[in-house]
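**Q** Take a look and give me a structure for this.
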Amino acid sequence: MKNILIIAAKEIQEGMRNRWVLATTLLLAALALTLSFLGSAPTGNVGVDPLDIVVVSLSSLTIFLVPLIALVLSHDAIVGEMERGTMLLLLSYPIGRRQVIFGKFLGHLAILSFATLFGYGAAALALAITGTAISSDSLLAFAAMIGSSVLLGAVFIAIGYLISTLAAERSTAGGIAIGIWLFFVLIYDMALLGGLVVAQGKPLPSGLLDLLLVVNPTDAYRLLNLGSGNASALSGMGGLAGQTALSPLILLLALLVWIIAPLTLATTLFSRREL
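**A** Numbering: from 1, shown residues only. Below you'll find the predicted structure:
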């Protein structure tokens, strides 16, 4: 465990040296503040808690931005070290390959968690400073959104590690990472929508719909944050949530499986890879 924490601390130090922590935190904070002040404008007319609008806005933003940040952070974690020759040096110490994977994963997850917590937390803090009334339910939904955003980031960090163990070059890993991001964030939902259009409005069996939603981690995240509570009415996801048997617990478990499976496969492949 000590070796894992040492490697995690090394990744955090490198992230701070490369301004990754500062850059991602400022980016998320700027977007969160913009969405919070722009999104809260109509609440006086419709009587909606402004933090609920922030939850909907930031959840939609997270689906596009957090997976991309996570993949950029992690896609060259292994292959990059191998190209630079530092992986051989690292493994010359009494450190196992599994410890390298888990240590790097924890370090990158800490960077993304810090950026998400403080970046998105700036929105709630700004609303509180301006004297905006915030209900306890909205605050709980906001906290759940931040936590699930970190989980979504962890999913794509794990996927990035899998890419990094499979690719032979950093450029190849970067191309695959962009392709993975496009597939899960854009192409999958467009294909699913196209399939529904082809079906001419015929309802899908509930079991098939549930499977299609959990197969894509971004859809599981979307349904988890926008399919219940006040956010469901604002996002229009309430109708879809009513047609599925996916509870918040099942959606959380699906995200955890999406973290464990790629990370386990990446660890297995790296342990067998020749340096």
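
**Q** For the stretch 1-150 of the chain, which residues score under the pLDDT cut-off?
**A** Low-confidence segments of the stretch 1-150 of the chain (pLDDT under 70): 38-50, 131-133.

**Q** Give me the pLDDT for V197.
**A** Note for V197: predicted pLDDT of 73.

**Q** Helices of the stretch 51-200 of the chain, residue ranges please.
**A** Assigned by DSSP state H, counting those that start in this stretch, the stretch 51-200 of the chain shows helices spanning 79-84, 86-91, 97-129, 136-166, 170-182, 188-198.

**Q** between the ones you listed, which gets nearest to A29?
**A** Checking the helices of the stretch 51-200 of the chain against A29 by Cβ to Cβ gives helix 97-129 as the closest, at 4.2 Å. Any C-beta I mention is one placed from the backbone N, CA and C, and that applies to glycine too.

**Q** Which strands or helices does the closest one pack on?
**A** Identification of packing neighbours for helix 97-129 by 3 or more Cβ pairs under 8 Å, 6 or more residues apart in numbering; DSSP states H and E yields helix 2-17, helix 20-39, helix 50-74, helix 86-91, helix 136-166, helix 248-272.

**Q** Tell me which residues are up against stretch 261-275.
**A** 78, 82, 87-88, 91, 97-98, 100-102, 105, 155, 158-159, 161-162, 164-166 (Cβ atoms under 8 Å, 6 or more residues apart in numbering).

**Q** Just the buried residues from these, in PyMOL please.
**A** Buried subset of the contacts of stretch 261-275, written as a PyMOL selection, criterion 16 or more other Cβ atoms under 10 Å:
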select buried, resi 78+82+87+97+100+101+102+105+155+158+159+161+162+164+165+166
